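Visitor: Output the structure for:
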Amino acid sequence: MMGTITGTRGERSPLARAKLTKFARHATGVAGFLLIWQVIGMSGLFKWLPPAADTLVRTVSLAADPVFLDDVLGTITAAAIGLPLAVLVAVPIGLLLGTVPVVEEMTRVFVEFLRPIPSVALIPLALFFFYPEINAKVALIVFAASWPILINTLYGVRDVDPLGKETLRSFGFGRGAVIWRVSLPSAAPFIATGVRLAASITLILAVSVEYIVGGSSGIGSFLIEASTGIGADAMIDVIAALLWAGAIGLVVNIALVQAERRLFKWRTT
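Guide: Next up, the predicted model:
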């Protein structure tokens, strides 16, 4: 009994040490970056770059600013609506294209034509067809975020083991059952990767639309107001807002990575 417990603790300790070492390296990298930023900011080498300490203080103080928090909520709301809609649109299309080669061949030209179009270039069109502004943001997010999900779904379906599909067909299951029981579960890790890539796109696009179009709320709208200011305080506000956007993206990515690891423990990475 005691030997088993000791062995279990011994097995866990290397993993714990590895995690601690990884965390220490990350912390060292962040600390080194902030130190370099502080030194350059204080040196005046780049007059537009404020010291890191001043910027971090402002970044923290924005957490108590109700106006800024409302802007953050506006950006997150658009992204939180657009990403699930993109999943609902892209996954069925990817399954269709991946399981019906004739449809994939017929639509390949349209897919390759639409995919490279910059979503920001579609802002005037989105504002014309969708009103108010949040609807335009959501529409553009759905368009941009659908592509990585669709492509990953398509490749995931193509990567399915043919033996599994043939086995199910031999028992009399139809195409729909094969897709639901074999293709979709097998493609799920690919779809999850596509969703994680799309999540960063949603945030980027939401802020971009807010910055270009303006509007009542959003991190992009805050950046517009901050950039019209004068002096070092204006630049501090701009960088602080960008740090918030980066932090939100980092938290979302970490959450999605953890979800992938929990859902697909069997997948080797």
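
Visitor: doesn't residue 41 make contact with residue 51?
Guide: Yes. Contact criterion C-beta atoms under 8 Å: residue 51 and residue 41 qualify, at 3.5 Å. Where you see a C-beta, it was placed from the backbone N, CA and C, and this is true even at glycine.

Visitor: any weak-confidence spans in the stretch 101-250 of the chain?
Guide: In the predicted model, the stretch 101-250 of the chain carries pLDDT under 70 at residues 168, 214-216, 230-232.

Visitor: contacting residues for residue 79?
Guide: Residue 79 makes contacts with 141, 199, 202-203, 206, as judged by C-beta atoms under 8 Å, 6 or more residues apart in numbering.

Visitor: go again using 10 Å as the cut-off
Guide: When contacts are counted by C-beta atoms under 10 Å, 6 or more residues apart in numbering, residue 79 touches 137-138, 141, 145, 198-207, 248-249, 252.

Visitor: Then residue 62?
Guide: Taking C-beta under 10 Å, 6+ apart, one finds 68-69, 71-72, 222, 237, 240-241, 243-244 in contact with residue 62.

Visitor: Selection in PyMOL covering whichever of those are buried, please.
Guide: Listed next is the PyMOL selection for buried residues among those, using 16 or more other C-beta atoms under 10 Å:
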select buried, resi 68+71+72+222+237+240+241+243+244
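
Visitor: Serialize the contacts of residue 62 to a markdown table and add fields for secondary structure and distance to residue 264.
Guide: Shown next, in a markdown table, are the contacts of residue 62 (DSSP: H, G, I helix; E, B strand; the rest coil; distance: C-beta to C-beta, whole Å):
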| residue | secondary structure | distance to residue 264 |
| --- | --- | --- |
| 68 | helix | 37 |
| 69 | helix | 35 |
| 71 | helix | 35 |
| 72 | helix | 31 |
| 222 | helix | 37 |
| 237 | helix | 41 |
| 240 | helix | 37 |
| 241 | helix | 35 |
| 243 | helix | 32 |
| 244 | helix | 31 |
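
Visitor: can the contacts of residue 62 go into TSV with extra columns for distance to residue 123?
Guide: Compiled in TSV, the contacts of residue 62 are given as follows (distance: C-beta to C-beta, whole Å):
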residue	distance to residue 123
68	24
69	25
71	19
72	21
222	18
237	24
240	26
241	20
243	25
244	23
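
Visitor: Looking at the contacts of residue 62, which one is closest to residue 82?
Guide: Comparing the contacts of residue 62 against residue 82 with C-beta to C-beta places residue 72 closest, at 15.9 Å.

Visitor: my read: that closest one touches residue 220, true?
Guide: No. Using C-beta atoms under 10 Å, residue 72 is not in contact with residue 220; the gap is 11.1 Å.

Visitor: Now do the shared contacts for these two.
Guide: What both residue 72 and residue 220 touch, as defined by C-beta under 10 Å, 6+ apart, is the set 241, 245.

Visitor: where do the helices sit along the stretch 101-250 of the chain?
Guide: Secondary structure of the stretch 101-250 of the chain (DSSP state H, counting those that start in this stretch): helices located at 101-114, 123-129, 133-158, 162-170, 175-178, 184-213, 219-227, 232-263.

Visitor: which of those sits most buried?
Guide: Comparing those by mean neighbour count (mean count of other C-beta atoms under 10 Å), helix 133-158 ranks first with a mean of 23.

Visitor: by contact count, what packs against that helix?
Guide: Judged by 3 or more C-beta pairs under 10 Å, 6 or more residues apart in numbering; DSSP states H and E, the packing partners of helix 133-158 are helix 66-99, helix 101-114, helix 123-129, helix 184-213.

Visitor: make it 6 Å
Guide: Under the contact criterion of 3 or more C-beta pairs under 6 Å, 6 or more residues apart in numbering; DSSP states H and E, helix 133-158 touches helix 66-99, helix 123-129, helix 184-213.
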